[in-house]
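S.K.: test case, fold it:
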Amino acid sequence: MFVVPIAIAALALGAMVFLSGCSIKDGKNNNNEGNNTESNNENEVTIDIPGDRETTSDAEIGEIEEEKKLVYISNEYLSEEEMKENAQYIYDSLLAEGWSKNAICAILGNMKTESTINPGLWQNMDEDNMNVGFGLVQWTPASRYFNWAEEERLEPYSIDAQLARIQLEVQGGGEPGTWQSFRHDAGMSFQEFTQSDKSPEELAEIFLYCYERPIDKPQPKRAEQAKEWYDYFN
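M.R.: Numbers count the residues shown, from 1 in each chain. So this is what the prediction gives:
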């Protein structure tokens, strides 16, 4: 499992974020040599904030706030606590993109069933099988997502890359028919979904029918999970 603590320096004025000095260790290989990370946790990916802040005054950059965010990435099912860490990251990211809270909780309710909110999960844990599903929303076949990530020069296991792919699909990018409004009575577009104030439960059902489109429907558990995430964040 990859455990990714991301050190973020955010400027209170200007909303700037600095990310640098990333080094990666795979928790399944405890004998990595030549890794110069200072962390003692062999499962960590660390991202350090650039130094030499003494040359920039507080008056110029505002107050700097630092926090750590954890992201769990593995080809295994996540625990409830691990899901909460990833859900928080997704919630914050999509909220910053202008999604409604209800829509975010709806997609999280679906992600919990699809992948346990794990960007590294392969369908049936069949790793590297490009014909099965992969990632947060289980893009199927996985090659569809991996080809795009390669073209964009993005790390496919990255949670940010996967959220970027979802944002692209919201805007109508990606393969035709990714979102099929006609499959639910609500008839809303993906963009309308992201802004909707309908209940998390109804939005979870809309996402299931218009985006995920599994063979077995309905799946009320996803709506229940969406409401649980809504209660968790509120």
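S.K.: can you check which helix is longest in the chain?
M.R.: helix 80-96 (DSSP state H).
S.K.: what strand or helix carries the residue nearest to residue 171 when sequence neighbours are not counted?
M.R.: Distance criterion CB to CB, 6 or more residues apart in numbering; nearest residue to residue 171, sequence neighbours excluded, is residue 191 at 7.3 Å. Bear in mind the C-beta positions are built from the backbone N, C-alpha and C, glycine included. Element membership for residue 191 (DSSP states H and E) is helix 190-195.
S.K.: for that helix, packing partners?
M.R.: helix 101-115, helix 159-170, helix 200-207 (3 or more CB pairs under 8 Å, 6 or more residues apart in numbering; DSSP states H and E).
S.K.: now the first one - C-alpha only, CSV.
M.R.: Spelled out, that is helix 101-115. The C-alpha trace of helix 101-115 is given here as CSV (Å, rounded to 0.1, in the frame of the first residue of the first chain):
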residue,chain,number,x,y,z
LYS,A,101,-21.8,19.1,-1.1
ASN,A,102,-24.7,16.8,-2.1
ALA,A,103,-23.1,15.9,-5.4
ILE,A,104,-19.7,15.1,-3.8
CYS,A,105,-21.4,12.9,-1.2
ALA,A,106,-23.3,11.2,-4.0
ILE,A,107,-20.2,10.3,-6.0
LEU,A,108,-18.4,9.2,-2.7
GLY,A,109,-21.4,6.9,-2.1
ASN,A,110,-20.8,5.3,-5.5
MET,A,111,-17.0,5.2,-5.1
LYS,A,112,-17.3,3.3,-1.8
THR,A,113,-19.0,0.5,-3.7
GLU,A,114,-16.9,0.7,-6.8
SER,A,115,-13.4,0.9,-5.2
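S.K.: spit out the contact partners of residue 91.
M.R.: Taking CB atoms under 8 Å, 6 or more residues apart in numbering, we find residue 91 in contact with 104-105, 108, 229, 233.
S.K.: how many neighbours does residue 195 have?
M.R.: When neighbours are counted by other CB atoms under 10 Å, residue 195 registers 13.
S.K.: is it true that it touches residue 103?
M.R.: Yes: using CB atoms under 8 Å, residue 195 is in contact with residue 103, at 7.1 Å.
S.K.: tell me how far residue 121 lies from residue 96.
M.R.: Note on residue 121: its distance to residue 96, by CB to CB, to the nearest Å, is 24 Å.
S.K.: out of those two, which sits in the busier spot?
M.R.: Shown here are residue 121 and residue 96; by other CB under 10 Å, residue 121 has more neighbours (23 against 9).
S.K.: tell me the pLDDT of the more buried one.
M.R.: With respect to pLDDT, residue 121 scores 98.
S.K.: cool, and residue 69?
M.R.: In this model, residue 69 is scored at 79, pLDDT.
S.K.: what residues does the most centrally placed residue in the chain make contact with?
M.R.: Computing the C-alpha centroid of the chain and ranking residues by CA atoms, centre = their mean puts residue 159 first, at 4.2 Å. Neighbour list for residue 159: 4, 71, 73, 86, 89-90, 119, 136 [criterion: CB under 8 Å, 6+ apart].
S.K.: and those, which of them are buried?
M.R.: The neighbour-count test (16 or more other CB atoms under 10 Å) applied to the contacts of residue 159 identifies 4, 71, 73, 86, 89-90, 119, 136 as buried.
S.K.: which stretches of this protein form strands?
M.R.: All strands of the chain, identified by DSSP state E, fall at 2-11, 17-18, 20-24, 45-48, 64-73.
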